[in-house]
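Participant: I'd like to go over a predicted model; first the sequence, then the structure.
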Amino acid sequence: MALVRSRIFQLSVLLFACFLPSCSRNGLLRDGSLNEKFVRDVAARTAEVRGLPLRGPLPIELVEAGELRGELIASIERDVGAETLAAEEALYRGLGLLPADLSLHDVLVDLLTEQTAGYYDTEQRVMRLVDGNTSLGGMLDVLGTVLQRDIGGEFLLAHELAHALSDQNFDLRAYMQPVGNSDADAARSAFVEGEAMLVGLYYVIGKPLRKVAWAAHAEHEETGWNAAPPFLKRQLLFAYGEGLRFVMALYNRAGTAALNRAYVRPPRSTEQILHPEKYLNESDEPVVVAVPPPLPEWQGARAVTDDTYGELGVLALLEQDLGFEQARIAAEGWGGDRYGLYAVAGEAPGIGFAWDTVWDDEHHAREFADRISRLLAGRFGESADGSWSGERGRASLMRADSRSVGIRLFLPGP
């Protein structure tokens, strides 16, 4: 899961994906081409709304969905690798998060291709709009017709222009470089996407925002989005929904100056995004946790990858089985974590998963331990001594001290 989040947000360095596409072809698009006057007008107003100058030209181009799909596939193959992706997929299947008939690679590519309306490429410093993904439909089309405005086009363009403005003024390519911790990467991406969401909504509504209702893309049975596992949806929407909420907290505190400061002092965890007061008050920095080693009985264990889940990862991990409220209780009070994923050889090959967590206090550690135990019992069978064993694998829970909880999991190979 942290790998999925990591790679999605590493892709976001190249693909600042917008999940709300544009609408009328009489605005942003005209006769299948970009309306240059529309683009110039929106660019000037967006710079005014954000309070940052456009410091250079802004190339914009239309691309086909097939071209985007090819870029996504190449990025996953280059940045993840087949072995790591297979190990992560085996882990999600073993935990019951990924159905047997879904490929992690395919579902990620399908989701991002289907849902992306535009993206800002920080390497080439060009904004690309995905032809064929530019219709909102429904009431927004009706509203746009009544107001004689391309509301979807305005939002999409202002959103991507916000990325361009931040890139020209703060260097997004450097800001979004992975730091070796998916949770911290996800926090930065949530700020960047939340900033663009705020600018786009501010542009469309025309006044400062205090409360915003957030809803996912409309779901239809035939879409990849509707078929995707909930834990993936939670992570994909995080940057846009919770990112917007975080940025609004900064904006309401000190306006655009607070947004500018976040490029100097980035949020360091998804916990800080979920609880903006912890970022604003500098009251809860993440604890650095060492990568846990493999268990001695994992013969021939070889490290595949290691990473950090963060509060968002814990929430997504548990929500699918326990529901949102129980998962939220389990994730709150997160202090730090690190996991290692191992390929196990020998007579009993499989995947080994070692995960160490640290919590703010004993109460939160117990809350997490109780709820992760429910998930493990539901998957591997009941146990009274902190360990579980069955056909699906073996798991154990350890408490090194009152604030720490460790999980060790072995999943046999096919």
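Facilitator: Received it, and whenever you're ready, just let me know what you need. Predicted, not measured: the structure shown is a model, and the values here were computed from it.
Participant: Report the secondary structure state of the residue lying farthest from the centre of the chain.
Facilitator: Distance from the centre of the chain peaks at residue 347, with 37.5 Å (CA atoms, centre = their mean). Of the three states, residue 347 takes coil under DSSP: H, G, I helix; E, B strand; the rest coil.
Participant: Number the residues from 584 up from this point.
Facilitator: Sure, I'll start numbering at 584, so the last one becomes residue 930.
Participant: OK, contacts around it?
Facilitator: The neighbours of residue 930, taking CB atoms under 8 Å, 6 or more residues apart in numbering as the test, are residue 882. Heads up, the C-betas are built off the backbone N, CA and C, glycines and all.
Participant: gap between it and residue 881?
Facilitator: Distance of residue 930 to residue 881, given as CB to CB, to the nearest Å: 12 Å.
Participant: Where does the prediction get shaky in the chain?
Facilitator: Low-confidence segments of the chain (pLDDT under 70): 584-610, 612-615, 698, 714-732, 790-809, 967.
Participant: Which neighbouring elements make contact with the longest helix seen in the chain?
Facilitator: Secondary structure of the chain per DSSP state H: the longest helix is helix 813-845. If contacts are counted by 3 or more CB pairs under 8 Å, 6 or more residues apart in numbering; DSSP states H and E, helix 813-845 sits against helix 585-597, helix 687-698, helix 765-788, helix 853-857, helix 859-863, helix 893-905.
Participant: neighbouring strands for the host helix or strand of residue 925, and are they parallel or not?
Facilitator: Per DSSP states H and E: residue 925 is located in strand 917-927. Sheet pairing of strand 917-927 (DSSP bridges) gives strand 885-890 (antiparallel), strand 933-942 (antiparallel).
Participant: which of the ones you listed is buried the deepest?
Facilitator: Highest mean neighbour count among the strands paired with strand 917-927 (mean count of other CB atoms under 10 Å): strand 933-942, with a mean of 23.
Participant: and that strand, how far from the chain's centre?
Facilitator: Relative to its chain's centre, strand 933-942 lies at 21 Å (CA atoms, centre = their mean, to the nearest Å).
Participant: mind saving the C-alpha coords of it as CSV?
Facilitator: Extracted in CSV, the C-alpha atoms of strand 933-942 (Å, rounded to 0.1, in the frame of the first residue of the first chain):
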residue,chain,number,x,y,z
GLY,A,933,6.6,-16.7,0.2
ILE,A,934,6.5,-13.1,1.3
GLY,A,935,7.6,-11.8,4.7
PHE,A,936,6.2,-8.5,6.0
ALA,A,937,7.8,-6.8,9.1
TRP,A,938,6.2,-3.6,10.3
ASP,A,939,7.1,-1.6,13.4
THR,A,940,5.0,1.3,14.6
VAL,A,941,5.3,4.0,17.3
TRP,A,942,2.4,5.9,18.8
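Participant: Provide the angle between the direction of the longest helix of the chain and the direction of helix 687-698.
Facilitator: Angle of helix 813-845 versus helix 687-698, following axes from the mean of the first three to the mean of the last three CA atoms, to 10 degrees, is 60 degrees.
Participant: Show me which parts of helix 813-845 are buried, residue by residue.
Facilitator: 814-834, 839, 842-843, 845 (16 or more other CB atoms under 10 Å).
Participant: next one: stretch 862-869
Facilitator: Buried residues in stretch 862-869, defined by neighbour count with 16+ other CB under 10 Å: 862, 867, 869.
Participant: do stretch 985-997 as well
Facilitator: 986-994.
Participant: Looking at these, spot the one nearest residue 682.
Facilitator: For those, the minimum distance to residue 682 (CB to CB) is 15.8 Å, reached by residue 994.
Participant: Count residues in the vicinity of the closest residue to residue 902 other than its chain neighbours, would you?
Facilitator: Nearest in space to residue 902, with sequence neighbours left out and distances taken as CB to CB, 6 or more residues apart in numbering, is residue 910 at 3.9 Å. Number of residues near residue 910 (other CB atoms under 10 Å) recorded here: 22.
Participant: so which helix or strand takes in residue 910?
Facilitator: Using DSSP H and E, residue 910 falls within helix 907-914.
Participant: sorry, back to before: any chance of the strands paired with strand 917-927 in JSON lines, with distance to residue 904 too?
Facilitator: Converted to JSON lines, these look like this (distance: least, CB to CB, whole Å):
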{"stretch": "strand 885-890", "distance to residue 904": "21"}
{"stretch": "strand 933-942", "distance to residue 904": "16"}
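Participant: wait, which of these is closest to residue 906?
Facilitator: Closest among the strands paired with strand 917-927, using CB to CB: strand 933-942, at 20.5 Å.
Participant: how far off helix 893-905 does the closest one point, in degrees?
Facilitator: Strand 933-942 runs at 120 degrees relative to helix 893-905, counting by the same axes, to 10 degrees.
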